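Asks: Kindly generate the corresponding structure for this input.
(one chain, ligands or ions: 1)
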Amino acid sequence: MKRSELLEACKKELERGKTRGVGLQLVCSLLHQKVPYYDWFGFYLAIPEKRLLVLGPYEGEPTDHLRIPYGRGICGQAAERLETFVIDDVGRQDNYLACSIHVRSEIVVPVFKDGQFVAEIDVDSHTPDAFGDDDRVFLEALAPLCASHIPDIGSFPEVGG
Ligand code: SME
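Replies: Prediction:
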């Protein structure tokens, strides 16, 4: 499937899931299914005042990394730098949190809503050097479409306190 078609399909899923608040989950399922080397596709939601990322909707193997402080791992570094990280070989990273031993490469793209950092798209691949410019362009185009679907962190009561 071409990236332009995938983006259109994601828009449809976001719209379809809007009223039930499941748009992001539908996007995770779609992309996990349609792109063979997207072995794990998910969202981390930002809590800026705690400098913490919390696991949101995802598709793929369950991960131990339910919460990630800013600065830790690739996700935490992207939260501090507020820029896309493309990691060709996770084995060469000092500051990396392994989701599974099978993961070889990763891309993390920040999501902004009204200029504020609210979440990240995180994609893991079992294929080394899986993510090219086409993935970066595609995911950076997808991120703003997802922004209005990022749940208010107030709906995650376990995060409070
Ligand atoms: N690899 C990420 C952690 C998230 S899991 O891969 C889902 C990192 O280094 O931040």
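Asks: Let me know the average pLDDT across stretch 53-69.
Replies: Per-region confidence: stretch 53-69 scores 97 on mean pLDDT.
Asks: Nearest spatial neighbour of the residue in the chain that the ligand sits nearest to, chain-adjacent residues omitted?
Replies: Residue nearest to the ligand within the chain (CB to the nearest ligand atom): residue 73, separated by 2.5 Å. Placement of C-beta: from N, CA and C, glycine included. Spatially, and ignoring its direct neighbours in sequence, residue 73 is nearest to residue 97 (3.5 Å; CB to CB, 6 or more residues apart in numbering).
Asks: I figured the one you found was touching residue 66, is that so?
Replies: No - between residue 97 and residue 66 there is no contact under CB atoms under 8 Å: 11.2 Å.
Asks: Mind checking which of those two has more residues around it?
Replies: residue 97 (16 against 11; other CB atoms under 10 Å).
Asks: Next, the contact list for that one, please.
Replies: By CB atoms under 8 Å, 6 or more residues apart in numbering, residue 97 lies in contact with 65, 68, 72, 73, 74, 75, 76.
Asks: same thing with residue 115?
Replies: Listed by CB under 8 Å, 6+ apart, residue 115 has no contact partners.
Asks: likewise the one 3 residues further on?
Replies: Applying CB under 8 Å, 6+ apart to residue 118 gives the contacts 45, 46, 111, 112, 147, 150.
Asks: which of those residues are buried?
Replies: Using 16 or more other CB atoms under 10 Å as the burial test, the contacts of residue 118 include 45, 46, 111, 150 as buried.
Asks: Looking at the residues you listed, which gets the smallest pLDDT?
Replies: When the buried ones among the contacts of residue 118 are compared, the smallest pLDDT is that of residue 150, 94.
Asks: sec struct for that one, please.
Replies: For residue 150, the secondary-structure state derived from DSSP: H, G, I helix; E, B strand; the rest coil is coil.
Asks: can I assume it is in contact with residue 116?
Replies: No - assessed by CB under 8 Å, residue 150 is found out of contact with residue 116, at 10.2 Å.
Asks: This protein against the ligand: which residues are in contact?
Replies: By the rule CB under 6 Å from any ligand atom, the part of the chain lying against the ligand is 40, 63, 65, 68, 73-76, 96-97, 99, 106, 122, 124.
Asks: so which two of those are the farthest from each other?
Replies: Taking CB to CB as the measure, the residues of the chain next to the ligand span a maximum distance of 16.9 Å, between 40 and 76.
Asks: Bridge partners for residue 112, pull those for me.
Replies: residue 117 (DSSP bridges).
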